[in-house]
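**Student:** Requesting a structural model of the entry that follows:
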Amino acid sequence: MTFLVTGGAGFIGSAVVRELIEKTPHRVVNVDNLTYAGNPESLARVDSDERYEFRLADICDAAAMARIFREYQPDVVMHLAAESHVDRSIDGPSAFIETNIVGTYTLLEAARVYWKGLQDSAPQKAANFRFHHISTDEVYGDLHGVDDLFTETTPYAPSSPYSASKASSDHLVRAWNRTFGLPTLVTNCSNNYGPFHFPEKLIPLMILSALAGQSLPVYGDGKQVRDWLFVEDHARALVQVACEGKIGETYNIGGHNEKQNLEVVETICDLLEELAPRKPPGVENYRDLITFVADRPGHDQRYAIDASKIQRELGWTPRETFESGMRKTVCWFLENEVWWLRVQNGSYQGERLGVTA
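**Tutor:** Numbering: from 1, shown residues only. The predicted structure is shown next:
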């Protein structure tokens, strides 16, 4: 099959592309606008594969999307292109409205027109077509009880401009399914981490700041709870949902690893004590770098996913524990200094590996 992956140069998107090229026989067309978080270097392992093609395009560009659908005739769309950093959404919401809402609408319309055309020209291909929208557990707001979990029927209560824009895109996808019959699937995931993670996010930021001997800022008291999902486990789940999920359904994907933010940072410090014992000048213990800063506005207290549906219906479970995934992640950043230094100094943005407009 031909998979059209949007946002395939991003953190989760690149993991999906690598999963598809390295673990399946399918063809992948990666559509990415290469904004700041899009990094073609995360795809160096598959860049030369004959089943992989990169197209530089903006999902808000209706003409470009229509052209790409006509040219590549995809069997499956996996929509991951999104603005995704909460702090950036607070500082500048407009990009989140444009990409996450308008971009999703534009892509849905391109997919709908293409799919309707298939019903006349290739009815069997139309019958098997799927549009898989990848979203976040942040659309549900936060949980206050220690035993509560987000399920696929939890009411939406987004707190930030980011989560509100993703909630909006989820609603659009479901509306295109109910109103137009477009065969859609939605997945909502917990916090991802792992190799190739953009350094503005919590885990890579803490790893690289600690290695540089810089302070490790923790919001509030650090007791906010998140469920952590290793990105390669998530990529496996997404491909499985795209191929085997029931049309019109939503699947929550979680790592079964609830941790307070402070616990996450302390775990990173302890792993670095073991794996990077030669500390920066003036640093006696990595934990000494932890500092507490004012909490961000609208900060959700707890996220936790009930992933029993995807396990029950599709047989997916995460392979990595928090401990094994964190060790792999810290080791990866220690072994891939060239990748993250190029992200930090911005030189990665000058690379356009195999890019065509």
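**Student:** Every contact and neighbour count from this point should use C-alpha atoms.
**Tutor:** Fine.
**Student:** helix/strand/coil for the residue lying farthest from the centre of the chain?
**Tutor:** Centroid-distance maximum for the chain: residue 282 at 36.1 Å, with Cα atoms, centre = their mean. Three-state call for residue 282 (DSSP: H, G, I helix; E, B strand; the rest coil): coil.
**Student:** Tell me if I am right that residue 13 is in a helix.
**Tutor:** Yes: Residue 13: assigned to a helix according to three-state DSSP.
**Student:** Is it in contact with residue 6, as I believe?
**Tutor:** Yes: Residue 13 lies in contact with residue 6 (Cα atoms under 8 Å); the separation is 7.4 Å.
**Student:** Could you pull out the helices in this structure for me?
**Tutor:** Here the chain has its helices, by DSSP state H, at 11-23, 62-72, 86-91, 94-96, 104-121, 123-128, 161-180, 202-211, 231-244, 261-275, 308-314, 322-335, 337-344.
**Student:** tell me what the first one is packed against?
**Tutor:** Using 3 or more Cα pairs under 8 Å, 6 or more residues apart in numbering; DSSP states H and E as the contact criterion, the neighbours of helix 11-23 among helices and strands are strand 2-6, strand 27-32, helix 231-244.
**Student:** What lies in contact with that helix?
**Tutor:** Counting contacts by Cα atoms under 8 Å, 6 or more residues apart in numbering, the residues outside helix 11-23 that touch it are 5-8, 26-28, 30, 37-38, 42-43, 45-46, 49, 51-52, 80-81, 192, 196-198, 231-232, 234-236, 238-239.
**Student:** quick one on the thing from earlier: wait, which of the helices and strands packed on helix 11-23 is closest to residue 124?
**Tutor:** strand 2-6 (14.7 Å; Cα to Cα).
**Student:** Tell me which strands the closest one pairs with, and in which orientation.
**Tutor:** strand 27-32 (parallel), strand 76-79 (parallel) (DSSP bridges).
**Student:** Which residues lie in contact with residue 196 in this structure?
**Tutor:** Neighbour list for residue 196: 11, 42 [criterion: Cα under 8 Å, 6+ apart].
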